[in-house]
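Novice: pasting the sequence and the predicted model now:
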Amino acid sequence: MTIGGSYAYTQVNPSSDRINELKSNKNIDLNDVSVVNIAYQTGIDPSKVAQADQTYEKVTHRDINWRKFDTGADVIAAISSGSIDIGNIGSSPLAAAATKNVPLEVFLITSEIGEAESLIAKNSSNIKTPKDLIGKKIAVPFVSTTHFSLLAALKHWEIDVSQVDIINLRPPEISAAWERGDIDATYVWEPTLSKAKTSGHVLVSSKQVAEWGSATYDLWVVSKDFAQKNPEFLRQFVKISTDATGKYSQDPKAFVSNQSNLQKIARITGSTPNDIANLLAGNHYLAADEQITLLQKPFADNIRQTAEFLKAQGTIEQVLPNYTAFVTNKYLPNK
């Protein structure tokens, strides 16, 4: 877990002047003027522009402590400890957390993951086909969406997990291991993905794995305690986020032609501006009405299917009968 450079705010309580300022605004809940602790990761999506512009702070009139995390498992641990209120994770960590009855719920889907997460083989590793992975070392953050996709791909290729050496590393550790030549392949996201591509090649992307029946999602979860006390903040957070992704989806060319957008996303994520356009195109961003439909029984079923797969692979020990308690669409706008 690391703090996110210039885009991580010092975790402080608002000053008395700030509290008085907030209380003077009739749109603010007088009972809650505390700092909101939000965990983000380095996946590429249009809402990173709103984060860079501090739109969330300006619209909600709340102080936000943005903290950069390397994996969804770390985000879940922070939510469980009470140090994080809202977190950006993938659907695989969500399934694992929900199975352990961590008191959280998914309230917004950032994207269905496509080519923005991929399995990369090192050019010097002599891996030309999936079967060449047998006996090789593959690095992946455990209980992540890429871990799930890797296991799903191996199953599709009829390669038993015992035939490969899967190593649990966080993205920064993957980059270091890749440079040292300690690993042969990695299934990972940005900015580690682009760095690996300079001396590696794509064997499969999560877009293809989704077409095989194992879709993964990038999403936002909230602790149930925070959600109960801050419904208006969550509605505003959702609107800002969906407005940002909607702006991209309406005219991707115009969005990426604006160099300011690319630079802002790059500064927060660590990717290079030149890569951002292709990376944005690597995901599918769901409109608000699509999310309202999905964040009902379909997504609860998706969590259960993910949990069943993880259990079959020995990653988790059990599957709950129902996951609807961990999904809500009530903060999305009703048209």
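Specialist: Arrived safely, thanks for sending. Given the structure is predicted, the values throughout are model-derived calculations rather than measurements.
Novice: so for stretch 211-220, what's the average pLDDT?
Specialist: The average of the pLDDT scores along stretch 211-220 is 94.
Novice: shaky segments in the stretch 1-150 of the chain?
Specialist: Scanning the stretch 1-150 of the chain for pLDDT under 70 picks out 1-33.
Novice: just the element for the residue nearest to residue 283 when sequence neighbours are not counted, please.
Specialist: Nearest non-adjacent residue to residue 283, counting by C-beta to C-beta, 6 or more residues apart in numbering: residue 111, 3.9 Å away. To be clear about C-beta, it is placed using only N, CA and C from the backbone, and glycine gets the same treatment. Residue 111 is located in strand 104-112, with elements delineated by DSSP states H and E.
Novice: tell me the helices and strands packed up against that strand.
Specialist: helix 91-99, strand 217-223, helix 224-229, helix 231-250, helix 288-294 (3 or more C-beta pairs under 8 Å, 6 or more residues apart in numbering; DSSP states H and E).
Novice: ok, now with 6 Å
Specialist: Judged by 3 or more C-beta pairs under 6 Å, 6 or more residues apart in numbering; DSSP states H and E, the packing partners of strand 104-112 are strand 217-223.
Novice: direction included, what does the strand it packs on pair up with?
Specialist: Taking DSSP bridges as the criterion, strand 217-223 sits next to strand 86-90 (antiparallel), strand 104-112 (antiparallel) in its sheet.
Novice: related to what we said a few turns ago, the residue nearest to residue 283: neighbouring residues, count only.
Specialist: By other C-beta atoms under 10 Å, 22 other residues sit near residue 111.
Novice: need the contact list for it.
Specialist: 45, 218, 283, 285 (C-beta atoms under 6 Å, 6 or more residues apart in numbering).
Novice: swap the cut-off to 8 Å and go again
Specialist: Contact analysis of residue 111 by C-beta atoms under 8 Å, 6 or more residues apart in numbering lists 43, 45, 217, 218, 245, 283, 284, 285, 286.
Novice: which of those are buried?
Specialist: Neighbour-count burial within the contacts of residue 111 applies to 43, 45, 217, 218, 245, 283, 285, 286; the criterion is 16 or more other C-beta atoms under 10 Å.
Novice: what's the closest of these to residue 262?
Specialist: residue 45 (12.9 Å; C-beta to C-beta).
Novice: determine the number of other residues adjacent to residue 302.
Specialist: Number of residues near residue 302 (other C-beta under 10 Å) recorded here: 19.
Novice: secondary structure element for it?
Specialist: Element membership for residue 302 (DSSP H and E) is helix 297-312.
Novice: how about that helix, which residues are buried there?
Specialist: 299, 300, 302, 303, 304, 305, 306, 307, 309, 310.
Novice: could you do stretch 134-154 as well?
Specialist: Applying a neighbour-count criterion of 16+ other C-beta under 10 Å, one finds 136-154 buried in stretch 134-154.
Novice: just the residues you listed: which are in helices?
Specialist: Counting by DSSP state H, the buried residues of stretch 134-154 place 145, 146, 147, 148, 149, 150, 151, 152, 153, 154 in helices.
Novice: distance check, the fifth one against residue 230.
Specialist: Counting by C-beta to C-beta, to the nearest Å, the separation of residue 149 from residue 230 is 33 Å.
Novice: do the same with the fourth one
Specialist: Applying C-beta to C-beta, the value for residue 148 to residue 230 is 30 Å.
Novice: contacts only, for the closest residue to residue 84 other than its chain neighbours.
Specialist: Distances taken as C-beta to C-beta, 6+ apart put residue 78 closest to residue 84, at 3.9 Å, once the chain neighbours are dropped. Neighbouring residues of residue 78 by C-beta under 8 Å, 6+ apart: 1, 39, 67, 69, 84, 87.
Novice: and if we set it to 10 Å?
Specialist: 1, 37, 39, 67, 69, 84, 85, 87, 223 (C-beta atoms under 10 Å, 6 or more residues apart in numbering).
Novice: now render these as a markdown table, adding secondary structure, distance to residue 200 and neighbour count.
Specialist: Shown next, in a markdown table, are these (DSSP: H, G, I helix; E, B strand; the rest coil; distance: C-beta to C-beta, whole Å; neighbours: other C-beta atoms under 10 Å):
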| residue | secondary structure | distance to residue 200 | neighbour count |
| --- | --- | --- | --- |
| 1 | coil | 26 | 14 |
| 37 | strand | 36 | 21 |
| 39 | strand | 29 | 26 |
| 67 | strand | 30 | 23 |
| 69 | coil | 25 | 24 |
| 84 | coil | 33 | 25 |
| 85 | coil | 37 | 24 |
| 87 | strand | 30 | 28 |
| 223 | strand | 38 | 22 |
